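1. Next come a sequence and a model predicted from it.
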Amino acid sequence: MFDLDLQSRTPIYEQLYKKTVELIIKGVLKENDQLPSVRSLAKELGVNPNTVAKAYQELERNKIIYSVSGRGSFVAKVGDSSVKDYILSDFDEKAQEALKIGISKDELKERIEGL
Amino acid sequence: MIELKGVTKQFDDYKVLDKIDLTIPKGTAFGLLGSNGAGKSTILRLISGIYSPEEGEVCTDGEKVYDNPAIKEKIFFINDETIQFTTFTLEELKNYYKCFYPKFSEELFEKLRSTINLPLKKKMSTFSKGMKRQAIVITALACQTDYLLLDEAFDGLDPTMRIIVKRMLVDAMIDRQLTTVISSHNLKEINEVCDRVALLHQGNIVFSRELDSVKGNIHKIQAVFRAADASMPQSYSKEELSGTGIELLHFEKNQSVYHLIAKGDVEDIRKKLEPKNPIVLDILPLSLEEIFIYEMEALGYDFNAIEIEK
């Protein structure tokens, strides 16, 4: 599930962070689903457990997951988390590109209406 | 925690390490990088108490290591040479190390040995290089020390053995806060396994940092700028781009495409270049290999300067 590109330039913890967010956006991970433990994920990927723990801490700090002591980490409610910000900033980026090449705001609005 | 304070190591009049300071926090996997002869193996031999420093001190958990058996029990050093004990069988090797390491686990040893099917009663002189390596690695893991030092760590191990070792390290890091110090030229492996790295060059430490902060702090930029109106210049010099406040390490211009290497945060770089009206602005973190090569180049270890005669 958490297939990473270990050759990539992007730091492993950042890839893990993004992957988790993507899996939540796609609905593969749903609210209150349990995430793999730091140990099992680190072993599966063959990476440093401190790196996995760091990604989890970052996810928790941004309220994307929550942890229950002794039980593990779980997916938080999307509305409460920064998954929303993540999608919106993606949207902003694309919208800015569109505006840059001359697509009007009205055209973009229409497009949203049509979705 | 392992601490090297003002350590100088000298062989005759050749200074291998020159007043270095290095701290390796407990529970980390620490990667030692550096050119050949930079002093990596010397550091490992100092940490394991094989060498004593000419100046400064090497401490583990607050105590000097040299001639200190109580501390040495906590440390296992896997040498980069596999020539030792080849007259032993694996069983003899195991029993030998068991004498020195009170936490040795027969159970763990047998579990590992049977996983990789290594013969117990054959002389190690009949083993291949990789098998000798396996023998010492499983013995080391079974010793259950707090510190594990690996010189040219994964050399000679096959991919399956590599993943077994990595998984063992994960368990040991979580269960007993194992600290590993790995020297390697294999930057891919360091990238996966380590959370902190130090770069050595000619007996000095160039940097010692968290791996993510090393990778997150130098970027490769590809940019194309277009003058939005007549008041803007058509092209920029290195100085003009540095003038925006970004720390440029490298500047190259190929027709309208700029190839830059800059230090700093991505968003900050983006913000500073935005006023120049970039129509293309790709910012990528450097790979560990590129960081290594770049940092070495800055120190005059320049592979571009090497010309091979034809």
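-> That came through fine.
2. which outside residues touch the longest helix along chain A?
-> Assignment by DSSP state H gives helix A:83-100 as the longest helix of chain A. With contact meaning CB atoms under 8 Å, 6 or more residues apart in numbering or on different chains, helix A:83-100 is reached by A:V21, A:I24, A:I25, A:I64, A:V78, A:K105, A:L108. C-beta coordinates here come from the backbone N, C-alpha and C atoms, glycine included.
3. For B:S256, see how far away the spatially closest residue to B:Y258 that is not a sequence neighbour is.
-> In space, and not counting its chain neighbours, B:Y258 is closest to B:A223: 4.6 Å by CB to CB, 6 or more residues apart in numbering or on different chains. Distance of B:A223 to B:S256, given as CB to CB, to the nearest Å: 9 Å.
4. Among those two, which residue is more densely surrounded?
-> B:A223 (21 against 13; other CB atoms under 10 Å in any protein chain shown).
5. Provide the strand pairings for whichever strand or helix holds the more buried one, with the direction of each partner.
-> If you go by DSSP states H and E, B:A223 is part of strand B:218-225. Sheet pairing of strand B:218-225 (DSSP bridges) gives strand B:257-263 (antiparallel), strand B:278-285 (antiparallel).
6. Pick the most deeply packed of these.
-> Greatest average neighbour count among the strands paired with strand B:218-225 goes to strand B:257-263 (a mean of 18), per mean count of other CB atoms under 10 Å in any protein chain shown.
7. Would you state the strands of the chain in chain order?
-> Here I'm looking at chain A. Using DSSP state E, the strands of chain A run over residues A:65-68, A:72-75.
8. actually chain B
-> Listed in chain order, the strands of chain B (DSSP E) span B:2-11, B:14-24, B:29-34, B:55-60, B:63-64, B:75-78, B:147-151, B:179-183, B:196-201, B:204-210, B:218-225, B:247-254, B:257-263, B:278-285.
9. Could you count how many residues lie near residue 96?
-> I'll assume chain A. So A:Q96, with other CB under 10 Å, has 9 neighbours.
10. that's the wrong chain, I wanted chain B
-> 12.
11. Most tightly packed of the strands of chain B?
-> Greatest average neighbour count among these goes to strand B:29-34 (a mean of 26), per mean count of other CB under 10 Å.
12. Identify the residues contacting the residue nearest to the spatial centre of chain A.
-> The centroid of chain A falls nearest to A:V21 when counting by CA atoms, centre = their mean (1.6 Å). Shown in contact with A:V21 (CB under 8 Å, 6+ apart): A:L59, A:I64, A:V83, A:Y86.
13. try 10 Å this time
-> By CB atoms under 10 Å, 6 or more residues apart in numbering or on different chains, the contact list for A:V21 reads A:L29, A:L59, A:N62, A:I64, A:S81, A:S82, A:V83, A:Y86, A:I87.
14. re the thing from before, next, format the strands paired with strand B:218-225 as JSON lines and append mean pLDDT.
-> Listed next are these as JSON lines, based on pLDDT from 0 to 100:
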{"stretch": "strand B:257-263", "mean pLDDT": "89"}
{"stretch": "strand B:278-285", "mean pLDDT": "87"}
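15. what about the helices in chain A?
-> A:12-25, A:38-45, A:49-61, A:83-100, A:105-113.
16. angle of the fourth one against strand B:278-285?
-> In this case it means helix A:83-100. Using axes from the mean of the first three to the mean of the last three CA atoms, to 10 degrees, the inter-axis angle of helix A:83-100 relative to strand B:278-285 is 150 degrees.
17. likewise the last one?
-> Using the same axes, to 10 degrees, one finds that helix A:105-113 and strand B:278-285 are set 50 degrees apart in direction.
18. How about the second one?
-> Taking the same axes, to 10 degrees, one finds that helix A:38-45 is oriented at 100 degrees with respect to strand B:278-285.
19. how about low-confidence regions in the chain?
-> As the question left the chain open, I've gone with chain A. Judged against pLDDT under 70, the low-scoring parts of chain A cover residues A:80-81.
20. Not quite, go with chain B.
-> Applying pLDDT under 70 to chain B flags the ranges B:82-84, B:153, B:301-310.
21. in the lengthiest helix in it, what's buried?
-> Longest helix of chain B, by residue count under DSSP H: helix B:159-176. Buried residues in helix B:159-176, counting neighbours by 16 or more other CB atoms under 10 Å in any protein chain shown, are found at B:M161, B:R162, B:I164, B:V165, B:K166, B:M168, B:L169, B:V170, B:A172, B:M173, B:I174.
22. how about the fifth one, what does it touch?
-> Put plainly, it is B:K166. Listed by CB under 10 Å, 6+ apart, the contact partners of B:K166 are A:A42, A:K43, A:L45, A:G46, A:V47, A:N48, B:A29, B:F154, B:E189, B:E192, B:V193.
23. same question, A:Y56
-> Taking CB under 10 Å, 6+ apart, we find A:Y56 in contact with A:13, A:16-17, A:20, A:35, A:37-38, A:41, A:64-65, A:67, A:72-73.
24. and the stretch 201-310 of chain B, which residues reach chain A?
-> Within the stretch 201-310 of chain B, the positions near chain A by CB under 10 Å from any CB of the partner chain are B:210-216, B:219-220, B:279, B:284-290.
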